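Enquirer: Predicted model and sequence follow; I will ask about them next.
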Amino acid sequence: MIDSFGRKITYVRLSVTDRCDLRCRYCMAEKMTFLPRSEVLTLEELAQLADLLIGRGVRKIRLTGGEPLVRKGVEHLVADLGTRVGMGLDELTMTTNGTQLPRYARLLSDAGIRRINVSLDSRDPERFRYITRRGDLDQVLRGIDAAAEAGLKIKINMVALKNINEHEIEPMLVWCSEQGFDLTLIETMPLGNVEEDRTTHYLPLSDVKTRLDREFTLVPSFARTGGPARYWEIDGLGVRLGMITPLTNNFCDGCNRIRISATGTVYGCLGHDQKVELREALRSGSQDLVDEALDKLLKGKPRKHEFAIRAGEAPAVARHMSVTGG
Ligand SMILES: Nc1nc2c(ncn2[C@@H]2O[C@H](COP(=O)(O)OP(=O)(O)OP(=O)(O)O)[C@@H](O)[C@H]2O)c(=O)[nH]1
Ligand SMILES: C[S@@+](CC[C@H](N)C(=O)[O-])C[C@H]1O[C@@H](n2cnc3c(N)ncnc32)[C@H](O)[C@@H]1O
Ligand code: SF4
Ligand code: SF4
């Protein structure tokens, strides 16, 4: 699949549910209305869709949500998709908030998942609860331990938030180094009405980089995951630090991905509403209809996002981040 700017699409982010057991302040509102089950693709349809995408050249699938591990029966989907790894698919992976990992970590590893990204914005129990509006830090830490024990490689995702967790960045880096995890910092993006003023908490990672440069030696790394982060090795710490900088250092020229919501809506760009619907095409059993829709999406896939965080401005995109799982 190639878009009209010549970018090859090999990475699909597949959201398996819009639901979540947390309500992170930058992602969701406190009160969310979730989809009725009839609108959500079945596990069989998700697997069928994955196969069609692999047939069109997709080599990496990331399962996401909402929270992917709250989808009932997700273990069957993971086991099913795991059989495609090495058989067309180079990587099956997941982004999770970690709460259900105590139960699922081993299963993910047995299914052929080699690494996961776990979101963890704070290692302070009260701050963690504040950011997630309800999360239990201990539960997530137990989940992370279970994942490490199951042999999964772990990357911690931390959304950098001014006046909330910015002072935890250096300690998080040291902790990740001790644990053998990578760490990726993320700039908050303006999607959905989350009832929070994003201008107050937006922290440009260019500032964080300047700060880190004073304390550590950051050596640019050529490591690539196929995702949007740029990486550095931290001299002496043995930890890889990623930064996802949609606002301060746009990476759209290298975009290789599309995202699919739990209802089968495919979005060409995280920062736009350009989309096509696949559910009815899938349910009709016609591969031609699915291909037609995908071709239309590729043709209109936007060149870049137009995110900006300015006081009093509505979010660039009305849908919540949880609709596409990032
Ligand atoms: N603007 C933008 N942000 C993205 C894109 N893809 C992922 N992100 C954001 O990057 C953050 C981390 O995403 P992850 O789910 O960990 O996925 P990833 O960064 O592709 O993961 P790796 O495979 O480890 O590189 C989330 O906040 C996503 O919303 C993208 O195409 N555009
Ligand atoms: C939407 S979540 C879905 C997967 C899972 N529930 C989790 O939290 O890892 C995927 C990633 O998007 C990030 N995210 C959510 N809202 C964001 C926002 N407004 N700006 C930047 N990243 C965001 C989360 O921190 C998480 O790392
Ligand atoms: S970031 Fe993930 S864990 Fe937090 S509310 Fe969004 S979907 Fe849930
Ligand atoms: S913002 Fe859009 S164009 Fe840019 S990397 Fe993300 S999906 Fe691709």
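Expert: Nice, thanks for sending it over. On a predicted model such as this, the values are computed, not experimentally measured, just so you know. Ligands and ions are numbered 1, 2, ... in the order given.

Enquirer: With adjacent residues omitted, what lies nearest to Thr64?
Expert: Gly325 (2.8 Å; CB to CB, 6 or more residues apart in numbering). For glycine as for every other residue, the C-beta is placed from the backbone atoms N, C-alpha and C.

Enquirer: where along the stretch 101-250 of the chain do the strands fall?
Expert: Under the criterion DSSP state E, counting those that start in this stretch, strands of the stretch 101-250 of the chain are mapped to 115-119, 153-160, 182-187, 218-221, 230-234, 239-244.

Enquirer: can you list the ones you listed in JSON lines and add mean neighbour count?
Expert: As requested, these are exported to JSON lines (neighbours: other CB atoms under 10 Å):
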{"stretch": "strand 115-119", "mean neighbour count": "22"}
{"stretch": "strand 153-160", "mean neighbour count": "21"}
{"stretch": "strand 182-187", "mean neighbour count": "22"}
{"stretch": "strand 218-221", "mean neighbour count": "12"}
{"stretch": "strand 230-234", "mean neighbour count": "19"}
{"stretch": "strand 239-244", "mean neighbour count": "22"}
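
Enquirer: Make TSV from those strands and add mean pLDDT to it.
Expert: Shown next, in TSV, are those (pLDDT from 0 to 100):
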stretch	mean pLDDT
strand 115-119	98
strand 153-160	98
strand 182-187	98
strand 218-221	97
strand 230-234	97
strand 239-244	97
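
Enquirer: and ligand 3, which of these is closest to it?
Expert: Comparing the strands of the stretch 101-250 of the chain against ligand 3 with CB to the nearest ligand atom, the closest turns out to be strand 115-119 (5.7 Å).

Enquirer: Neighbouring strands of that closest one in the sheet, and parallel or not?
Expert: Strands that pair with strand 115-119, judged by DSSP bridges, come out as strand 91-96 (parallel), strand 153-160 (parallel).

Enquirer: nearest to Arg259, of those strands?
Expert: strand 91-96 (11.5 Å; CB to CB).

Enquirer: does ligand 3 sit close to that closest one?
Expert: No: using CB under 6 Å from any ligand atom, strand 91-96 stays clear of ligand 3, coming no nearer than 7.7 Å.

Enquirer: so how far is that strand off the chain centroid?
Expert: Between the centre of strand 91-96 and the centre of its chain there are 9 Å (CA atoms, centre = their mean, to the nearest Å).

Enquirer: contacts for that strand?
Expert: For strand 91-96, contacts defined as CB atoms under 8 Å, 6 or more residues apart in numbering pick out 59-65, 67-69, 78, 81-82, 84-85, 108, 111-119, 143, 157, 226, 325-326.

Enquirer: at 6 Å instead, please
Expert: 60-64, 68-69, 81, 85, 113, 115-118 (CB atoms under 6 Å, 6 or more residues apart in numbering).

Enquirer: Same check on stretch 266-278?
Expert: So stretch 266-278 is contacted by 258-260, 264-265, 290, 293, 296-297, 300-302, 305, 307, 316, 324 (CB under 6 Å, 6+ apart).

Enquirer: Of the strands of the stretch 101-250 of the chain, which is nearest ligand 4?
Expert: Using CB to the nearest ligand atom, the strands of the stretch 101-250 of the chain put strand 239-244 closest to ligand 4, at 9.7 Å.

Enquirer: If I take the closest one and strand 182-187, what angle do their directions form?
Expert: 20 degrees (axes from the mean of the first three to the mean of the last three CA atoms, to 10 degrees).

Enquirer: Please name every helix or strand in contact with strand 239-244.
Expert: Here strand 239-244 touches strand 182-187, strand 230-234, going by 3 or more CB pairs under 6 Å, 6 or more residues apart in numbering; DSSP states H and E.
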